[in-house]
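Student: After the sequence you'll find the predicted model.
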Amino acid sequence: MPYQTRTEAFWAGVRTLIPLTPGVVPFGLVAGVMAIDMGMSPGMTMAMTLLFYSGSAQMAALQLLHNDVLPVAIVMTALVINLRFVMYSASLAPFLHHLPRRWTWPLSYMLSDQSYAICILKLSSGELGRFAHFFYAGTAVTMWVSWQLSVLAGVYLGASIPSSWSLSFAIPLSFLAILVPSIRSVPSLGAAAVGGVVAVFAVDMPYNLGLVTASIAGIVAGVLIENARQRSQDEKVAE
Amino acid sequence: MSDFSLWGLFLAVGLGTFAMRLSFVELYGRLRVPALLRQALLYVPASVLAALVLPAVVYPSGHGDVVLDNPQVPAAIVAALLAWQTRNAALTLAGGMATLWALKLSGW
């Protein structure tokens, strides 16, 4: 439905995103609790949250800081995890590039998996009308506020949780909660299996190169499996 | 790690991530993703997340020492099953942590 006014489009975006927030809050809490648990100050934790604005990269960085990995390897890992934003940027660009920078820069900073997933189909169908970017802004701002608030809540909880609770295990569990639903095809299952197994065997490689090696091996496995399946399907069609 | 290098790390990741988010919006019409890269990017999340999860579960110390009585392994299996069946992050976290605590209390 095309929205008639800017306010209407913005609030429709807010209302569409709100049902997704319960899925985000637990990750924010874990990220906040873990950072405090590792001795980071509340200010540093929130600075990290504002600069990253990316839950999986932030938790990966915390996990690696916890294991005393070299900062350069941590930066590389976080950026590899965030490579998907290049894809999102490419598919959103046709709908946002004509806006002035005071729009595109903040909207790009607030690009998230959730607001992308909600908006991309509605943007490409043209159903949102001429105030479509206000709808996108509504989803993006809502997501940003819920993430910052849930990390902040974690920061205040963090101080009161004893270490006997083994809370550091919540980070790999959070990754599992993102990983498992993202496996939707045989090639992505192959990518996960190869990436995970290689990482287990490569754990003692210097400078945390094991993680990068394993990630590349998993990605290559996914591409190879997809191509092999495509080829066998083409052969079937040819017969 | 010192606060100084932490700030460097946060800034590097923050600026790099912003650059990736902005890339095509800013350079619309001047950038193209090669088909192979587009295909490879599809498998980045599954591969990287699995490479982060498995070692963290198998090696509680963070190093390559295999511990046989490691309650994290059954706890992670329970969490993975919950994630698969419910796709609910809160349930996955709660189920995994509850299994870990139950195993530790029972002296595993």
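Tutor: Looks like it came in fine.

Student: Could you use CA atoms for every contact and neighbour count after this?
Tutor: OK.

Student: Can you give me the buried ones in the helix or strand of chain B with the lowest mean pLDDT?
Tutor: Here the helix or strand of chain B ranked lowest by mean pLDDT, DSSP states H and E is helix B:35-41, holding a mean of 83. Buried residues in helix B:35-41, counted by 16 or more other CA atoms under 10 Å in any protein chain shown: B:Q39, B:A40, B:L41.

Student: Can I get it in CSV, CA atoms only?
Tutor: C-alpha atoms of helix B:35-41 as CSV (Å, rounded to 0.1, in the frame of the first residue of the first chain):
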residue,chain,number,x,y,z
ALA,B,35,29.2,-13.3,-10.3
LEU,B,36,31.6,-15.6,-8.4
LEU,B,37,32.0,-13.1,-5.5
ARG,B,38,28.2,-12.8,-5.3
GLN,B,39,27.9,-16.6,-5.1
ALA,B,40,30.7,-16.8,-2.5
LEU,B,41,29.2,-14.2,-0.3
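
Student: What is the subsequent helix or strand relative to it?
Tutor: Later in the chain than helix B:35-41, the nearest helix or strand by DSSP states H and E is helix B:44-58.

Student: and that next one, how far from the chain's centre?
Tutor: Centre-to-centre, helix B:44-58 and its host chain are 6 Å apart (CA atoms, centre = their mean, to the nearest Å).

Student: And stretch A:104-119, by the same measure?
Tutor: Averaging C-alpha positions (CA atoms, centre = their mean) puts stretch A:104-119 11 Å from its chain's average.

Student: Could I get the CA-only coordinates of that stretch as PDB?
Tutor: The C-alpha trace of stretch A:104-119 is given here as PDB (Å, rounded to 0.1, in the frame of the first residue of the first chain):
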ATOM      1  CA  THR A 104      22.200   7.900   2.700                       C
ATOM      2  CA  TRP A 105      25.000   8.100   5.300                       C
ATOM      3  CA  PRO A 106      22.800   7.600   8.400                       C
ATOM      4  CA  LEU A 107      20.600   5.000   6.600                       C
ATOM      5  CA  SER A 108      23.600   3.100   5.500                       C
ATOM      6  CA  TYR A 109      25.100   3.100   9.000                       C
ATOM      7  CA  MET A 110      21.800   1.700  10.300                       C
ATOM      8  CA  LEU A 111      21.600  -1.100   7.700                       C
ATOM      9  CA  SER A 112      20.900  -4.300   9.500                       C
ATOM     10  CA  ASP A 113      19.900  -7.900   8.500                       C
ATOM     11  CA  GLN A 114      16.400  -7.300  10.000                       C
ATOM     12  CA  SER A 115      15.500  -4.000   8.200                       C
ATOM     13  CA  TYR A 116      17.000  -5.300   5.000                       C
ATOM     14  CA  ALA A 117      14.900  -8.400   5.100                       C
ATOM     15  CA  ILE A 118      11.700  -6.500   5.800                       C
ATOM     16  CA  CYS A 119      12.300  -3.800   3.200                       C
END
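
Student: is the least confident helix or strand of chain B anywhere near chain A?
Tutor: Yes. For helix B:35-41 and chain A, the contact criterion (CA under 8 Å from any CA of the partner chain) is met by B:R38, B:Q39, B:A40, B:L41.

Student: contact partners of stretch A:49-56?
Tutor: Contact partners of stretch A:49-56, identified using CA atoms under 8 Å, 6 or more residues apart in numbering or on different chains, comprise A:27-28, A:31, A:58, A:81-82, A:109-110, A:112, A:144, A:148, A:151, A:175, B:10-11, B:13-15, B:17.

Student: hey, C-alpha coordinates of it in CSV?
Tutor: Only the C-alpha atoms of stretch A:49-56 are listed here, as CSV (Å, rounded to 0.1, in the frame of the first residue of the first chain):
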residue,chain,number,x,y,z
THR,A,49,28.2,-1.1,20.2
LEU,A,50,27.8,2.3,18.5
LEU,A,51,30.8,1.8,16.2
PHE,A,52,30.2,-1.8,15.2
TYR,A,53,26.3,-1.8,15.2
SER,A,54,26.6,-5.4,14.2
GLY,A,55,25.7,-8.1,16.7
SER,A,56,27.5,-11.1,15.2
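
Student: Name the residues of the top helix by length along chain B that come out as buried.
Tutor: The longest helix of chain B (DSSP state H) is helix B:3-26. Buried residues in helix B:3-26, counted by 16+ other CA under 10 Å: B:6, B:9-14, B:16-26.

Student: just to revisit the earlier point, for the least confident helix or strand of chain B, enumerate the helices and strands it packs against.
Tutor: Of the remaining helices and strands, those touching helix B:35-41 by 3 or more CA pairs under 8 Å, 6 or more residues apart in numbering or on different chains; DSSP states H and E are helix A:84-96, helix A:209-238.

Student: Try it again at 7 Å.
Tutor: Counting contacts by 3 or more CA pairs under 7 Å, 6 or more residues apart in numbering or on different chains; DSSP states H and E, helix B:35-41 is packed against helix A:209-238.

Student: and the helix it packs on, anywhere near chain B?
Tutor: Yes. Applying CA under 7 Å from any CA of the partner chain, one finds helix A:209-238 touching chain B at A:L211, A:A214, A:S215, A:G218, A:I219, A:G222, A:V223.

Student: Narrow these to those that are buried.
Tutor: A:L211, A:A214, A:S215, A:G218, A:I219, A:G222, A:V223.

Student: So among the residues you listed, where is pLDDT lowest?
Tutor: Ranked by pLDDT, these bottom out at A:L211 (81).
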